[in-house]
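Asks: take this sequence and fold it.
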Amino acid sequence: MSQSILELRHLRTLQALRDSGSLVRAAQLLNLTQSALSHQVKLLEDRYGAPLFERKSVPPQFSATGLRLLALADAVLPQVEDAERDVARLLTGRGGQLRIAVECHTCFDWLMPAMDAFRHRWPEVELDIVSGFHADPVGLLHQDRADVAIVSEVDADDTAVQFHPLFAFEIQALLANGHALAGRSHLSAQDFAGQTLITYPVPDDMLDLVRQVLEPAGVRPPRRTTELTVAMLQLVASGRGVAALPVWAVQGYVDRGYVTARPIGPQGLTGRLYAACLQHTADRPWLADFVSVTRESSFLSLKGVALL
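Replies: Numbering: from 1, shown residues only. Below is the predicted model of the structure:
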């Protein structure tokens with residue numbers, strides 16, 4: 001039997017493999033290459049002289065050895081994480097607050113579950129969402145009205161702010177069932193010409209479809225706005241226009257056949273989200289943990305999401 005040491009990272013690897021459902025997604029979750037992850041698994045299997053899971057099954061079917069190590073991971077890792085948070089509390093004090101500002105209307109679909117998980121880990125930290133939609137959430141950081149801002153772009157010129165990658169996600173066009181464009185494999189910028197584009201009431205530079213696709217092509221379709229995602233989908237379903245939204249925000253409606261979804265561009269349209277905070281607050285342990293919890297919970301629960 002190999003004398004290599006069983007480490008916490010090995011236990012985290014097994015948990016990630018179980019929770020994510022594949023080697024590819026587990027590697028993303030752990031910020032490793034797939035080859036590095038496979039190497040870790042191989043070391044464990046060499047140590048115990050037995051496979052840990054069935055390679056051809058998706059999701060992985062763990063062997064008796066793999067299940068026993070998973071049970072160890074589930075018992076040990078929460079205690080390690082609790083201890084690390086307790087040490088951070090001793091070093092930094094128990095008080096704290098985390099005020100969150102958002103610029104995206106669909107953020108609440110994934111933000112609320114992340115906040116629930118964070119609240120369980122840091123019950124003493126006062127957690128709050130800065131009321132309402134904000135066109136410039138980073139400005140609220142500088143005004144000391146927020147501690148973290150959820151944004152879709154990095155401002156490299158603002159050196160006072162750190163931008164932490166959260167996740168990337170696919171944005172698809174939404175059409176009425178039977179729409180003339182529904183037969184296309186994907187939509188191009190020119191397909192939006194003459195269509196009424198239904199969006200949230202936000203500036204154009206905050207809309208990925210406009211910023212990445214329509215504006216570079218010089219396409220400026222007529223517009224209609226609404227505050228609510230469900231209202232946008234109702235307008236699309238009734239043939240009042242087309243929209244573009246994250247897959248994870250509308251997948252349930254698409255699965256039920258309420259509207260039709262199509263990719264935008266041959267490679268698809270990708271949006272990105274970042275958590276921004278001021279440089280002098282970045283060392284607060286609960287802020288770093290909020291980023292980590294948000295990345296993990298969103299990646300594991302949302303369709304069409306990849307970690308940045």
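
Asks: domain ranges for the protein?
Replies: According to automatic domain parsing, the chain comprises the domains 8-90, 95-165+272-307, 168-270.

Asks: let's have these in TSV, adding mean pLDDT and mean neighbour count.
Replies: In this view, the C-beta of every residue, glycine as well, is placed from N, C-alpha and C. Converted to TSV, these look like this (pLDDT from 0 to 100; neighbours: other CB atoms under 10 Å):
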stretch	mean pLDDT	mean neighbour count
domain 8-90	91	15
domain 95-165+272-307	89	17
domain 168-270	95	17
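
Asks: now do the SS call for residue 273.
Replies: strand (DSSP: H, G, I helix; E, B strand; the rest coil).

Asks: show me the contacts for it.
Replies: By CB atoms under 8 Å, 6 or more residues apart in numbering, the contact list for residue 273 reads 104, 107, 150-152, 166-169.

Asks: just give me the closest of those to residue 209.
Replies: residue 152 (11.9 Å; CB to CB).

Asks: hang on, that closest one packs against residue 207?
Replies: No: using CB atoms under 8 Å, residue 152 is not in contact with residue 207, being 9.3 Å away.

Asks: how close does the residue nearest to residue 76 when sequence neighbours are not counted get to residue 26?
Replies: In this structure, residue 76 finds its nearest non-sequential neighbour in residue 11, 6.4 Å apart by CB to CB, 6 or more residues apart in numbering. For residue 11, the distance to residue 26 equals 13 Å [CB to CB, to the nearest Å].

Asks: repeat for residue 206
Replies: Distance from residue 206 to residue 26, by CB to CB: 33 Å.

Asks: do residue 254 as well
Replies: Taken as CB to CB, the span from residue 254 to residue 26 is 27 Å.

Asks: surely residue 138 touches residue 150?
Replies: No: counting by CB under 8 Å, residue 138 stays clear of residue 150, with 10.1 Å between them.

Asks: any common contacting residues for these two?
Replies: residue 276.

Asks: elements contacting the longest helix along the chain?
Replies: The longest helix of the chain (DSSP state H) is helix 64-92. The contact analysis (3 or more CB pairs under 8 Å, 6 or more residues apart in numbering; DSSP states H and E) places helix 64-92 against helix 8-20, helix 285-301.

Asks: try it again at 10 Å.
Replies: In terms of contacts (3 or more CB pairs under 10 Å, 6 or more residues apart in numbering; DSSP states H and E), helix 64-92 is packed against helix 8-20, helix 34-48, strand 53-54, strand 61-62, helix 108-121, helix 285-301.

Asks: I'd like the ones you listed written out as TSV, with distance to residue 250 added.
Replies: Output for these, formatted as TSV (distance: least, CB to CB, whole Å):
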stretch	distance to residue 250
helix 8-20	23
helix 34-48	30
strand 53-54	33
strand 61-62	32
helix 108-121	10
helix 285-301	15
